[in-house]
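Engineer: take a look and give me a structure for this.
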Amino acid sequence: MTDSTSLFNRHRARLHAIAYRMLGAVAEAEDVVQDTWLRWHEADPAALDNPEAWLVTVATRLSIDRLRAAKAQRESYVGIWLPEPVLMPAPATPEEIREFADDVSVAFLFMLERLSPEARAAFLMREVFDEDYEDVARTLGKTEAACRQLVRRAKQQLRQETPRHAVPRETHHRLMEGFADAMRRGDFHGLHALLNDNAELIGDGGGKVPSFASLVGGKRLAQLFYAGKRRYGDDLRVEVALVNGQWTLLRFIEGKLESVQSYETDGERIVRVLVQRNPDKLARVAARFEG
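Structural biologist: Residues are numbered from 1 along each chain as shown. Have a look, this model is predicted:
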């Protein structure tokens, strides 16, 4: 392995992290990393003052270009577009785990879809990857003042979304275990008790399988999950697993992964459920858990 390849591989995980958070799709993130590698292969690392900054800049700009194209495609997407769930190794310390779960959760990535490609890049670089505004400006080819404005407006826009609750990891896990148990037993009252009266379910079937674009009301959601148990009986299996850094429910029907369900809670009850049912987006998680 050459020094150039070794240097690139040291930063590969960071480049993938940037691209996935920008695009919300694993295959597209992998393409960005590969395209970055091709450009790196043509460059002269010895002539670069800061190879890592060069790689981050290239990966971010490629991600922006891809996101622009993806946004146009997503306008014709059937139903609601949700990010692709992905299995990721958890960081080592409790502090890193909390930060990791916050900035890669399905709910967070779904929220970022509201931002323009450049605003998303600026916000992620500054607020998630803790880059200086000088670095953000160099990467985006803008002035520092313009980048500060991009980040400020992104924060304002994101604050207008559903408030995010800071819930201890253990509390979230306990709620997920309780809800999974009620789902397995077909306990309508147990399901209903754990759902906020105004809880919302958002689903992504991608036009490939039926899915609710939006369903609101704790009782209605409880009836939906209860009906699943009534319909499939012992052929329905529910597991609690770490997906996108958070405790998530995986629902299997006849041994096949039917959905990845990401839950937002206020620490006491569930306030929103993001249900990924698009088979294309479930493939990687299914390969790990089915059977």
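
Engineer: buried stuff in stretch 134-145?
Structural biologist: For stretch 134-145, burial by neighbour count (16 or more other Cβ atoms under 10 Å) applies to 135-140, 142. C-beta coordinates here come from the backbone N, C-alpha and C atoms, glycine included.

Engineer: just give me the closest of those residues to Ile64.
Structural biologist: Taking Cβ to Cβ as the measure, Ile64 sits nearest to Leu140 out of the buried residues of stretch 134-145, at 8.0 Å.

Engineer: quick one: residues contacting that closest one.
Structural biologist: By Cβ atoms under 8 Å, 6 or more residues apart in numbering, the residues touching Leu140 are 60-61, 64, 118, 121-122, 147, 150.

Engineer: tell me the centre residue of this structure?
Structural biologist: In the chain, the centroid-proximal residue (Cα atoms, centre = their mean) is Val106; its distance is 3.2 Å.

Engineer: quick check: bridge partners of the closest residue to that one other than its chain neighbours?
Structural biologist: Using Cβ to Cβ, 6 or more residues apart in numbering and skipping the chain neighbours, the partner closest in space to Val106 is Ser262 (4.0 Å). Here Ser262 sits in beta bridges with Leu274, as judged by DSSP bridges.

Engineer: Provide a list of residues in contact with Ser262.
Structural biologist: Ser262 is in contact with 85, 105-107, 243-244, 246, 248, 273-276, counting by Cβ under 8 Å, 6+ apart.

Engineer: in PyMOL, select just the buried ones from these.
Structural biologist: In PyMOL, selecting the buried portion of these, with burial taken from 16+ other Cβ under 10 Å, looks like this:
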select buried, resi 85+105+106+107+243+244+246+248+273+274+275+276
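
Engineer: would you mind measuring from the residue nearest to Val106 to Lys219?
Structural biologist: 21 Å (Cβ to Cβ, to the nearest Å).

Engineer: repeat for Glu264
Structural biologist: Distance check for Glu264 against Lys219: by Cβ to Cβ, it reads 18 Å.

Engineer: more neighbours: which of these two?
Structural biologist: Between Glu264 and Lys219, Glu264 has the larger neighbour count (other Cβ atoms under 10 Å), namely 23 against 13.

Engineer: what comes up buried for the strand or helix carrying that one?
Structural biologist: Per DSSP states H and E: Glu264 is located in strand 256-265. Within strand 256-265, the residues scored as buried using 16+ other Cβ under 10 Å are 257-265.

Engineer: now this protein, which segments are flagged as low pLDDT?
Structural biologist: 1, 89-102, 161-164, 291 (pLDDT under 70).

Engineer: where exactly do the helices run in it?
Structural biologist: Here the chain has its helices, by DSSP state H, at 3-23, 26-42, 51-74, 94-104, 106-112, 117-123, 133-140, 144-159, 169-185, 188-193, 218-232, 279-289.

Engineer: other residues contacting the last one?
Structural biologist: When contacts are taken as Cβ under 8 Å, 6+ apart, the neighbours of helix 279-289 outside the stretch itself are 25-26, 82, 84-87, 204, 206, 208-209, 239, 241, 243, 250, 252, 256-257, 259-260, 276.

Engineer: which ones among those residues map onto strands?
Structural biologist: If you go by DSSP state E, these have 204, 239, 241, 243, 250, 252, 256-257, 259-260, 276 in strands.

Engineer: let me see the backbone angles for Asp130.
Structural biologist: Note on Asp130: backbone dihedrals following degrees, to the nearest 10 are phi 60, psi 40.

Engineer: before we move on, the earlier item: so can I have CSV of the contacts of Ser262 showing distance to His41?
Structural biologist: Putting those into CSV (distance: Cβ to Cβ, whole Å) gives the following:
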residue, distance to His41
Pro85, 32
Ser105, 34
Val106, 34
Ala107, 37
Val243, 33
Asn244, 31
Gln246, 36
Thr248, 37
Val273, 44
Leu274, 38
Val275, 41
Gln276, 35
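
Engineer: let me know the closest of the contacts of Ser262 to Arg14.
Structural biologist: For the contacts of Ser262, the minimum distance to Arg14 (Cβ to Cβ) is 17.5 Å, reached by Asn244.

Engineer: surely that closest one touches Ser105?
Structural biologist: Yes: counting by Cβ atoms under 8 Å, Ser105 is a contact partner of Asn244 at 5.3 Å.

Engineer: number of nearby residues for Val33?
Structural biologist: 23.

Engineer: same check, this time on the one 4 residues further on
Structural biologist: The burial metric for Trp37, expressed as a neighbour count using other Cβ under 10 Å, is 18.
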